[in-house]
Structures are given as C-alpha cells and as structure tokens.
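Peer 1: sequence? don't have it. structure:
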C-alpha cells in the first residue's frame, strides 16, 4: 500500500531541520576558531536590518538582531533542506542542494547589497562556505535515511 504524501512532510521537515542545525553549528563554531570562517550571521543581520529599514520598522538591539537572525537562518535553511526529501536519491539531492546554496552564498551577497566580505573574503572563506552548505545538505539526507530506516524497523 502506498503512503499518503502528507505522511512525508514530518520526515522532510525534521530532516531539513537537522541539516540546518548542523550547518548553523558548523558556522557558529568555526567563526570562533578561524578568522577566515564565513560570517553568514553578518550577512543575515545586514539583510534583516535592510528589510526593517525598508519597512520603516525599528532596528532591534544587537543581541536581539543576532538571535532573530539565527532563528531566521535555522527556519529558512530548514525549509530549504527539507527539499532533500527521502528515498534512494536523498544523498544526491542533499549534495546538489547544498552545493547550490553554498555557491549562492558566495555569489549573491554582493549583488544583493549585503557586501562580499563575509562569504567571499578569501579563497578559504569561499571554499568553507560551499563545503559547509554541502555538509548541511548531506546531514539532511542522513537524517532522512535514518528516519526511513527507523520507520521500516518499527513495521
């Protein structure tokens, strides 16, 4: 019997969240350890400030801005990585989605008016940006495969 599509959403969202948490943990750890680490938090805070400015909304205090940015990063990356889905091709989808996000993280901030330094400062920064998004995608794929295996074992 074929499962309903709605039964797939919890797995996709949970796996996406796992990928986003791995990505955020890597970024937050590395930024404290190496000066060449990508600073996606800085890009996120710049983006949020820009949106609030255009909406004539008050600017939050630095700590609040950081916390809002982290929550937004986890939510948006979690939704993005939920596209990894499930099945045999989850690993490939995770790698491709991560690669696309990493390349976008290097190429898009400048044209979006967020500055290039946080993700494009050095060749190492660029490579770390791409690699870490790929790791996030692979973490989402791994979580999806674990979830699938656990569901099969319970049957």
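Peer 2: Alright, I've got the coordinates. It should be emphasised that the depicted structure is a prediction, and the values quoted were computed from it without experimental measurement.
Peer 1: hey, which helix is longest across this structure?
Peer 2: Looking across the chain with DSSP state H, the single longest helix is helix 123-154.
Peer 1: buried residues, it. List them.
Peer 2: For helix 123-154, burial by neighbour count (16 or more other Cβ atoms under 10 Å) applies to 125-126, 128-130, 132-145, 147-148. C-beta coordinates here come from the backbone N, C-alpha and C atoms, glycine included.
Peer 1: what does stretch 79-98 give?
Peer 2: For stretch 79-98, burial by neighbour count (16+ other Cβ under 10 Å) applies to 80-82, 84-86, 90-91, 93-95, 97-98.
Peer 1: now the most centrally placed residue in the chain: closest residue in space, sequence neighbours ignored.
Peer 2: Residue closest to the mean C-alpha point of the chain, counted by Cα atoms, centre = their mean, is residue 77 at 3.4 Å. Excluding its sequence neighbours, the residue lying closest to residue 77 (Cβ to Cβ, 6 or more residues apart in numbering) is residue 20, at 3.7 Å.
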